[in-house]
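Trainee: After the sequence you'll find the predicted model.
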Amino acid sequence: MRRSRSNRCARRATANTAARAFVGINLDRLKREGPIRLNLPKNYAPFANGNFGTLSGKCELYSESLGKRGLDPLPNYTPPHEDPRTRQDLAAKYPLQLLSPPAPEFLNSTFRQHRFAAPKKQASPTLEIHPLDAAPRGIINGQWLRIFNDRGSFQARAIVAETVKAGRRGLAEYLVEPLFPRRRQLQYDDEHRADRFRRGATFFDNLVQVERI
């Protein structure tokens, strides 16, 4: 009971600190000044004395709650459901792992109405691909591509660069749907399944093939 009360007090204190952090920060000030540091101490370390959001209040390397759910209670690596090393049959058809980070100007589909995002709103969707993956496919920079698997496909322009790992990686920037030809974007080839840990989306768990149009 004492530990539970202590955890509640710690969470309440953290919530109060978070509320004070935004005092005096509003949209008008952000427009005038740009990025603004939150009202936090210089060397802010909220978990220096514990106060983690766990049952014990500690950073749990061994999690009893995960073990009770039938999950690994220790930190471990679980390969994606679609992975060239574990799904060699699928990788024979679709050898590239597609990652889809959001465009910096947007938060997924949010903020597209703002002026600061105007250049990106007019941009074409892109797929970054390593030269070693582009060459055997005859892909050159700026070329329109078809990215596909058994679930669907979308189109994007090629950025041939060493910004992604060779051999197994493609990187498509998450943009809003109207920017994609035929309004078909990344979700058309995603696997619609949830992860075991938090039942979250598995957008990066996605094997694809890429070809020129």
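Mentor: Arrived safely. Numbering: from 1, shown residues only.

Trainee: so what strands line up beside the top strand by length along the chain?
Mentor: If you go by DSSP state E, the chain has its longest strand at strand 152-160. Sheet pairing here is set by DSSP bridges, and for strand 152-160 it gives strand 126-129 (parallel), strand 144-149 (antiparallel).

Trainee: so of those, which one's packed in deepest?
Mentor: Across these, the average number of neighbours (mean count of other Cβ atoms under 10 Å) peaks for strand 126-129, which reaches a mean of 23. For every residue, glycine as well, the C-beta is placed using N, CA and C.

Trainee: coming back round to it: okay, buried residues for the longest strand of the chain please.
Mentor: Residues of strand 152-160 classed as buried by neighbour count (16 or more other Cβ atoms under 10 Å): 153-156, 158-160.

Trainee: would you put the C-alpha positions of it in CSV?
Mentor: Extracted in CSV, the C-alpha atoms of strand 152-160 (Å, rounded to 0.1, in the frame of the first residue of the first chain):
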residue,chain,number,x,y,z
GLY,A,152,-1.6,-3.5,-52.6
SER,A,153,0.6,-0.8,-54.1
PHE,A,154,1.4,2.9,-54.3
GLN,A,155,3.6,5.1,-56.4
ALA,A,156,6.5,7.4,-55.5
ARG,A,157,9.5,9.1,-57.0
ALA,A,158,13.0,7.6,-56.5
ILE,A,159,15.7,9.2,-54.4
VAL,A,160,18.8,7.1,-55.1
